[in-house]
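**Student:** my questions concern the predicted model and sequence given below.
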Amino acid sequence: MDISKLTLAVVLALAGCISQILPINEYAKGWIGAPIEDLITAAHRPQSYPSRIGWKDQQYKLDGGLVYVFPEREDCVVHWHVNQGGIIVGYHTEGGHCD
C-alpha cells in the first residue's frame, strides 16, 4: 500500500471516530476544503451512521454547486455545500441534536 492510500485510510478511520467525539460544527469545519468524494467514501463505510441506518444518498442544486446531505447522528443532518470542482466549501446543519 503506498503512503497516500495509507494516509487516506487513516484519515477516514479517524473521521468516523472524530464525528462521535467533536461537536458537529467542529467536525464539519474539518471537512471544508476536502473533496466530496472523500466524505462520500467515509459515509459509505459499514460502521458509519448513514450506513447503519440505511441512508440513501441525497443531493440538490444550490447556487451553481451541489449540496450533499448526510446524517451524522440521530436527529442531526449535515448539508454539505460543494463547488463545481467537487470541493466542500461550506455546510449547514439541521436537527435538534447537532450541538
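**Tutor:** Received it, and whenever you're ready, just let me know what you need. Numbering: from 1, shown residues only.
**Student:** which secondary structure elements does the helix or strand hosting residue 89 contact?
**Tutor:** For residue 89, the host element (DSSP states H and E) is strand 88-94. Judged by 3 or more C-beta pairs under 8 Å, 6 or more residues apart in numbering; DSSP states H and E, strand 88-94 is in contact with helix 24-29, strand 76-82. Bear in mind the C-beta positions are built from the backbone N, C-alpha and C, glycine included.
**Student:** got the angle for that strand vs strand 76-82?
**Tutor:** Using axes from the mean of the first three to the mean of the last three C-alpha atoms, to 10 degrees, the inter-axis angle of strand 88-94 relative to strand 76-82 is 160 degrees.
**Student:** which residues are contacting strand 88-94?
**Tutor:** For strand 88-94, contacts defined as C-beta atoms under 8 Å, 6 or more residues apart in numbering pick out 24-25, 28, 31-36, 39, 65, 76-83.
**Student:** how about 7 Å then?
**Tutor:** Here strand 88-94 makes contact (C-beta atoms under 7 Å, 6 or more residues apart in numbering) with 24, 28, 31-34, 36, 39, 76-83.
**Student:** quick one: strands adjacent to that strand?
**Tutor:** Applying DSSP bridges, strand 88-94 is found paired with strand 76-82 (antiparallel).
**Student:** what comes into contact with the strand it pairs with?
**Tutor:** 24, 28, 36, 39, 62, 65-72, 88-95, 97-98.
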